[in-house]
Structures are given as structure tokens and as C-alpha cells.
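Student: I would like to see how this sequence folds:
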Amino acid sequence: MKLSPSVRHGSALVGIAGTLLLAGCAAESSSAETTTETPAPQTSADAAPSATSTASAADSGSTYKDGTYTADGSYQTPETVEKITVDLTVSQDTVTKVEVTGDPQASETKHYQSQFIGGIAAQVVGKKLDDISVSRVSGSSLTSKGFNQALATIRTEAKG
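Tutor: Here you go, the predicted model:
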């Protein structure tokens, strides 16, 4: 049976697309390393005293209201859907404090959430809320997805 050129080209494109899709999945999951049984710690870092006032954004010329905000973020791992809770303190549109709490369901997640929690303050404290978008923190790339999801919620809440 002889296939028309358009059918052959279409089949080739489907094959290439499938290969690229699988390559993208493999790249993300191949970053997994050996698991150590360490509990997911809770961390807090202050760049300045906590700001918990509720001054309006219009009064200070800021985009966001000063205060402390909490949001949950979730992300898919090869094993489960994982969740983190982000507490972020904002003063004059700048993050002055961040605290991330993990709730790991898989043993490997404990390791990666712990690494993320240990390194996130250095990535966000002292930066403008609009300038923050994390992709990999201390070797953890999937936890960043949950953090960015929580960050989007916090931005919406802080705009009031």
C-alpha cells in the first residue's frame, strides 16, 4: 500500500512532536536525585522588620498593600500532587519576609521541599513582588511551580 506524501509528512510530524513531548518530560523527571529521609523544615528570613500594616496602596504610591499574605500552591510530581503553604510579608511592594511550609506526601518530596525551603529566602527577600518568578531553587524545580502559583494568589490579594 502506497501512502500519499501528505500522509507521510503528517505521520512524521506526529512522531517528531511525540518525541519532543517525551524529551521534555524526561528532562524534568531526570533531575531527581537520591532521596534522604529529612523532614521538611519551616524557615523564616527577615530582611527588615515585619510589616503588617494595612496601609492602602494608593496612600504610599505602591501597587500592593503592605501586609502579610498566605496562600497555598500545588504541583505535580511523578508520584503525587504536592502542596506547600507560602507566607509572604510585603512592604512598599518589596518582599521583606518569606516562610514556606511543606506538606510532603512522597519521601523524595521531603528532600526537594527541604532544599527549596532552605534556599527560597535568598531568592525573594528584598525583591519587588512583581519581579519574582522562581524556576529552580537549590536543585528543586517542581516545588517552584507551587510557589509561583501561591505567589500569583498573593499578588491578587495584595492588590486589594
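
Student: who's the residue nearest to Thr89 when sequence neighbours are not counted bridged to?
Tutor: Leaving aside its chain neighbours, Thr89 sits nearest to Lys97 (3.9 Å; criterion: CB to CB, 6 or more residues apart in numbering). (Glycine included, C-beta is placed from N, CA and C.) Beta-bridge pairing of Lys97, defined through DSSP bridges, involves Asp46, Thr89.

Student: surely Lys97 is in contact with Leu88?
Tutor: Yes. Between Lys97 and Leu88 there is a contact under CB atoms under 8 Å: 7.3 Å.

Student: between these two, what contacts are shared?
Tutor: Residues touching both Lys97 and Leu88 by CB atoms under 8 Å, 6 or more residues apart in numbering: Thr68.

Student: when those two are compared, which one has more neighbours?
Tutor: Leu88 (26 against 22; other CB atoms under 10 Å).

Student: what residues are up against that one?
Tutor: Taking CB under 8 Å, 6+ apart, one finds 68-71, 95, 97-99, 124, 129, 151, 154 in contact with Leu88.

Student: same check, this time on Arg155
Tutor: Arg155 neighbours (CB under 8 Å, 6+ apart): 64, 129-130.

Student: which of these sits closest to Val137?
Tutor: Within the contacts of Arg155, the smallest distance to Val137 is 17.1 Å, found for Leu129 (CB to CB).

Student: how far away is that closest one from Thr85?
Tutor: 18 Å (CB to CB, to the nearest Å).

Student: more neighbours: those two, which one.
Tutor: Using other CB under 10 Å as the criterion, Leu129 and Thr85 rank with Leu129 on top: 21 against 16.

Student: and that one, what's its pLDDT?
Tutor: For Leu129, the pLDDT comes out at 96.

Student: next one: Thr94
Tutor: Per the predicted model, pLDDT is 97 at Thr94.

Student: residue contacts, it?
Tutor: Counting by CB under 8 Å, 6+ apart, Thr94 has contacts 126-129.
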